[in-house]
Every structure is written in C-alpha cells, then in structure tokens.
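Participant: Sequence plus the predicted model coming up.
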Amino acid sequence: MSFSGFKFFDTTEVASVRELGTLRGHLTGVSAATIAPDGRTLVSIKPQQGLRFWDLPTLREVAGVTMPATGEWLRFAPDGHTLAVGLIDGAIRLFKAP
C-alpha cells in the first residue's frame, strides 16, 4: 500500500461533509495534526520526518522543521503564532509558526 498524502475534509456541516484536498509531503501517515486558531494554518508531525506547516487555503506546504526527537502531540497557543510540541522523551518544544 502506498501513501499519497492525507486527505483534508470540511466537516462543519455533518450532512454535507466534503473533501477539500490532499496534503502531500509526509512519506507515510502523520501521528498528530492541529489547526491554528485563525483556521489558515495546519501543522502535522510524523516520526523521523518532523513538522510540516501547511497553508490551508492553498493546501500547500509552507515550511518544515526537523525534530530532535519523535513528537507525540501539537497545540497552538491562543495567539496562533506559538506552537507547542510534546516529544516522546517528555520534553516540550516551542516553535514560532511561519
């Protein structure tokens, strides 16, 4: 089975869920993802591949960050500019979103 990206859906209306597109960049599935409070940026993480920042209106990757350890979870701060990443070793790393 090959991996061609992960599909992104609009589920705001349960009766009319629609596919928005496919985000391509990770070589295999992601372990976590989060959307910025403004709804314009999605961040995904995959072990051994790091973070990927996506522009949702265009569904394009805008930045990538190599991680020092495997990330387990992601959360944006309410300001939408700071991203907290929980690592498997128990550390929490903070990043500025592009």
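Facilitator: Good, I have the coordinates.

Participant: contact partners of stretch 75-87?
Facilitator: By CB atoms under 8 Å, 6 or more residues apart in numbering, the surrounding residues in contact with stretch 75-87 are 34-38, 41, 43, 45, 51, 67-74, 92-97. (Glycine included, C-beta is placed from N, CA and C.)

Participant: Drop anything exposed from these.
Facilitator: 34-36, 41, 43, 45, 51, 67, 71, 74, 95, 97 (16 or more other CB atoms under 10 Å).

Participant: Checking the most far-flung residue of the chain relative to its centre next. Helix, strand or coil?
Facilitator: For the chain, the largest distance from the centre (CA atoms, centre = their mean) belongs to A15, which lies 25.5 Å off. Under DSSP: H, G, I helix; E, B strand; the rest coil, A15 falls in the helix class.

Participant: By pLDDT, rank the buried ones among the contacts of stretch 75-87 and give me the bottom one.
Facilitator: Ranked by pLDDT, the buried ones among the contacts of stretch 75-87 bottom out at M67, which has 79.

Participant: ok, and the closest non-adjacent residue to that one?
Facilitator: G50 (4.6 Å; CB to CB, 6 or more residues apart in numbering).

Participant: same thing with F53?
Facilitator: Leaving out its chain neighbours, the residue that sits closest to F53 by CB to CB, 6+ apart is A63, at 4.2 Å.
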